[in-house]
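> Generate a structure from the sequence data that follows.
(one chain, ligands or ions: 1)
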Amino acid sequence: MRKPLVAGNWKMNGSRDAAQDLIAGIRRGFEAGVSADVAICPPFVYLTQVGGLLDGSDIALGGQNVSQHESGAYTGEVAPAMLADVGCEYVILGHSERRSYYGEDDALVADKVVAAHAAGLKPILCVGETLDQREADRTEAVVASQLDALLNSAEGLAALKTGVIAYEPVWAIGTGKTASPQQAQDMHAFIRQRVAAKDAELGAKIRILYGGSVKGNNAAELFAMADIDGGLIGGASLQVDEFLTICQAAQ
Ligand code: PEP
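Numbers count the residues shown, from 1 in each chain. Coordinates of the predicted model:
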């Protein structure tokens, strides 16, 4: 039985005050009981503050990106061990915004996933197709190549064993367009089969999150699908009530 996970990706939003209010509201809501695993991924500069605000709760902390390097002369970068050092359990990698705005390709994302795993973090590997790729009937091919960058190496496979996959169709991220539960389920089943073809035990066990305009009013129907094990939530993770409704839908 896979335990659902809901991860909130704050992206480049927030402030010290906003973080304080958001975490206080989420913690109050958790008193009513949430049985899914939950993680909050704020911008780097707020990790320590948010980690402190989460102390004593079951809510985990995560980063939104990390360097593929261990340490050294990489101005502006953050090393995997640094995320672990400030209390992160998870790190989002290969988000479509990193792939499209910062030119992160499958090989670089795979290096980051392996480096994160080596530092004891649980990578959340994001995969997903653009609208053009879907319309050209290339969805499965694109997602397969994003997965294969990890599945085809021993270190990649080992890193996925502690990780999570997030299927996020790019056309659904921040657009208000959500994949239908069946569209999402079809891709989740495809991803699970592809992982299982390399490692049957991992295929059965790995959590596959859906991301792309998940809101309080559509989470339950998505999470009810057999291969959807929770969500990676952008915009709605910045609103206490929406985020709590989504967490409660992932039981
Ligand atoms: C995301 O950033 O991963 C995401 C899914 O964003 P949104 O929920 O806003 O579509």
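> Look up how far S153 lies from whichever residue of the stretch 1-150 of the chain sits closest to the ligand.
Per C-beta to the nearest ligand atom, N9 is where the stretch 1-150 of the chain lies closest to the ligand, at 4.4 Å. For glycine as for every other residue, the C-beta is placed from the backbone atoms N, C-alpha and C. Distance from N9 to S153, counting by C-beta to C-beta, to the nearest Å: 26 Å.
> Going by how many neighbours each has, rank the two and give me the top one.
Higher neighbour count among N9 and S153: N9, with 26 against 13, using other C-beta atoms under 10 Å.
> contacting residues around the residue of the stretch 1-150 of the chain closest to the ligand?
Residues near N9 by C-beta atoms under 8 Å, 6 or more residues apart in numbering: 41, 64, 92, 95, 211, 232-234, 237.
> repeat that for 6 Å
41, 92, 234 (C-beta atoms under 6 Å, 6 or more residues apart in numbering).
> Compare the residues you listed and tell me which is most surrounded.
Most surrounded of the contacts of N9: other C-beta under 10 Å gives C41, at 27 neighbours.
> where along the stretch 1-150 of the chain do the helices fall?
16-30, 47-54, 80-85, 96-101, 106-118, 131-135, 139-151 (DSSP state H, counting those that start in this stretch).
> Pick the most buried one from those helices.
Of all the helices of the stretch 1-150 of the chain, helix 106-118 has the most neighbours on average by mean count of other C-beta atoms under 10 Å, namely a mean of 21.
> next one: it to chain centre, how far?
Here the centre of helix 106-118 is set off from its chain's centre by 14 Å, with C-alpha atoms, centre = their mean, to the nearest Å.
> Get me the contact residues on the chain for the ligand.
Counting by C-beta under 6 Å from any ligand atom, the chain comes close to the ligand at 9, 11, 95, 168, 173-174, 211-214, 232-236.
> Any chance of a PyMOL selection covering the buried ones in the residues you listed?
Per 16 or more other C-beta atoms under 10 Å, the buried members of the residues of the chain next to the ligand correspond to this PyMOL selection:
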select buried, resi 9+11+95+168+173+211+212+213+214+232+233+234+235+236
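> Pick out the most distant pair among the residues of the chain next to the ligand.
Across the residues of the chain next to the ligand, the longest distance by C-beta to C-beta is 15.9 Å; it joins H95 and A236.
> if you skip the residues just before and after it, what's nearest to the residue of the stretch 151-251 of the chain at minimum distance from the ligand?
Closest residue of the stretch 151-251 of the chain to the ligand, C-beta to the nearest ligand atom: G234 (2.1 Å). Nearest non-adjacent residue to G234, counting by C-beta to C-beta, 6 or more residues apart in numbering: N9, 5.1 Å away.
> Test of understanding: give the bridge partners of the spatially most central residue of the chain.
Ranked by distance to the mean C-alpha position of the chain (C-alpha atoms, centre = their mean), the top residue is I124 at 4.4 Å. Beta-bridge partners recorded for I124 (DSSP bridges): I92, V164.
> Near G14, how many other residues are there?
When neighbours are counted by other C-beta under 10 Å, G14 comes out with 19.
> Could you identify the longest helix within the chain?
helix 181-198 (DSSP state H).
> Direction-wise, compare it with helix 139-151 and give the angle.
Here helix 181-198 runs at an angle of 40 degrees relative to helix 139-151 (axes from the mean of the first three to the mean of the last three C-alpha atoms, to 10 degrees).
> Show me what helix 181-198 is packed up against.
With contacts taken as 3 or more C-beta pairs under 6 Å, 6 or more residues apart in numbering; DSSP states H and E, helix 181-198 sits against helix 139-151, strand 164-167, helix 200-205, strand 207-211, helix 219-223.
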